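In: Quick one, structure for this:
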Amino acid sequence: MKPNIVLAITGASGAIYAERLLEVLIASGHDVHLTISPSAQLVLKQELDVSIDLKDFNASSLLLDPNENPSDSKLDVLSTMAGISSDDSSVLAFGSGEKGEVHYHHYQDFMAPIASGSFLTDGMVVCPCSGSTLSAMVHGTSTNLIHRAADVHLKERRKLILVTRETPLSTVYIENMLRASTAGAVILPASPGYYHRVKTIRDLVDFVVGRICDQLDIRHSLIRRWGD
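Out: Okay, here's the model as predicted:
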């Protein structure tokens, strides 16, 4: 059985982090339970020129289907770039195992499996995490599936990673981050480091995605680590 990761994309800037994370999770053999807010739909279009239909979602809009055109798919490109290392070898092993699948859930579907604590997952990532989403989580006002799934992960004491990006931070935002951290969430701001010899935007994106993978205990070599 492949591990399950919940990925929620909300309306903060930084949609590129979510798209890259989705690629990496699928390439590393994780099934991804994906849900997207209406604000995230707008941000995806604004920042990446990606159009998605929230009611009739097709994963190919975010991740090219390798079965349709393997030579051009993002997954196969990813497989040649270096990224995920196997558990039993230090050799990079992109594409050596079974790839994961995307399971989409509409943000208003409270009957989705991720709305229940009885559905087992290996963690949840909100990437990027908007200020309004953070506020709803810490105050228990679940008005959509994203809020509910986060609430489930907190009450079940499962890993919940919030990739915040807003800057500067208001006192209200800081207090909400403290509330989330106290409740058990990991606050992981999209703040890339520069000590790994940055050459491209992808290096900056991979730094953040790599740190998310660290929190999920996913072995990878997306970044040059300190001391390497």
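
In: from what I can see residue 216 touches residue 160, true?
Out: No - under the criterion of CB atoms under 8 Å, residue 216 is not in contact with residue 160, lying 11.0 Å apart. Glycine gets a C-beta too; all of them are placed from N, C-alpha and C.

In: between these two, what contacts are shared?
Out: When contacts are counted by CB atoms under 8 Å, 6 or more residues apart in numbering, residue 216 and residue 160 have residue 123 as shared neighbours.

In: out of those two, which sits in the more crowded spot?
Out: Neighbours were counted for residue 216 and for residue 160 using other CB atoms under 10 Å; residue 160 has more, 25 against 20.

In: gap between the more buried one and residue 115?
Out: 15 Å (CB to CB, to the nearest Å).

In: swap in residue 171?
Out: Counting by CB to CB - residue 171 and residue 115 are separated by 32 Å.

In: Looking at those two, which is more packed in?
Out: residue 115 (17 against 7).

In: Spit out the contact partners of the more buried one.
Out: Counted by CB under 8 Å, 6+ apart, residue 115 has contacts 109, 145, 148-149, 152.

In: swap in residue 121?
Out: 4-6, 33, 114, 153, 158.

In: Try it again at 6 Å.
Out: 4, 6 (CB atoms under 6 Å, 6 or more residues apart in numbering).

In: same thing with the one 5 residues further on?
Out: With contacts taken as CB under 6 Å, 6+ apart, residue 126 has the following neighbours: 8, 162.

In: quick check, it in a helix?
Out: No - checked against DSSP: H, G, I helix; E, B strand; the rest coil, residue 126 lies outside a helix; its state is strand.

In: what about it, distance to residue 132?
Out: For residue 126 relative to residue 132 (CB to CB), the value is 12 Å.

In: what helices or strands is the helix or strand harbouring residue 162 leaning on?
Out: Per DSSP states H and E: residue 162 is located in strand 160-164. Helices and strands touching strand 160-164, by 3 or more CB pairs under 6 Å, 6 or more residues apart in numbering; DSSP states H and E, are strand 124-129, helix 145-155.

In: From the contact counts, what lies against the last one?
Out: When you say that, I think you mean helix 145-155. helix 131-138, strand 160-164.

In: and the angle for that helix with strand 160-164?
Out: 130 degrees (axes from the mean of the first three to the mean of the last three CA atoms, to 10 degrees).

In: Okay, buried residues for helix 145-155 please.
Out: 145-154 (16 or more other CB atoms under 10 Å).

In: Please identify the most buried of the helices and strands packed on helix 145-155.
Out: Per-stretch averages of neighbours, counted by mean count of other CB atoms under 10 Å, single out strand 160-164 among those, with a mean of 25.

In: Give me the neighbour count for residue 172.
Out: Quick note: residue 172 (other CB under 10 Å) scores 11 neighbours.

In: cool, residue 47 as well?
Out: 13.

In: what would the helices and strands packed on strand 160-164 look like in a markdown table with distance to residue 175 and mean pLDDT?
Out: Below are the helices and strands packed on strand 160-164 laid out as a markdown table (distance: least, CB to CB, whole Å; pLDDT from 0 to 100):
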| stretch | distance to residue 175 | mean pLDDT |
| --- | --- | --- |
| strand 124-129 | 15 | 98 |
| helix 145-155 | 17 | 98 |
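
In: Of all those, which one is nearest residue 48?
Out: When these are compared by CB to CB, strand 124-129 sits nearest residue 48, at 12.4 Å.

In: Okay, now the sheet partners of the closest one, with direction.
Out: On the basis of DSSP bridges, the sheet neighbours of strand 124-129 come out as strand 4-9 (parallel), strand 160-164 (parallel).
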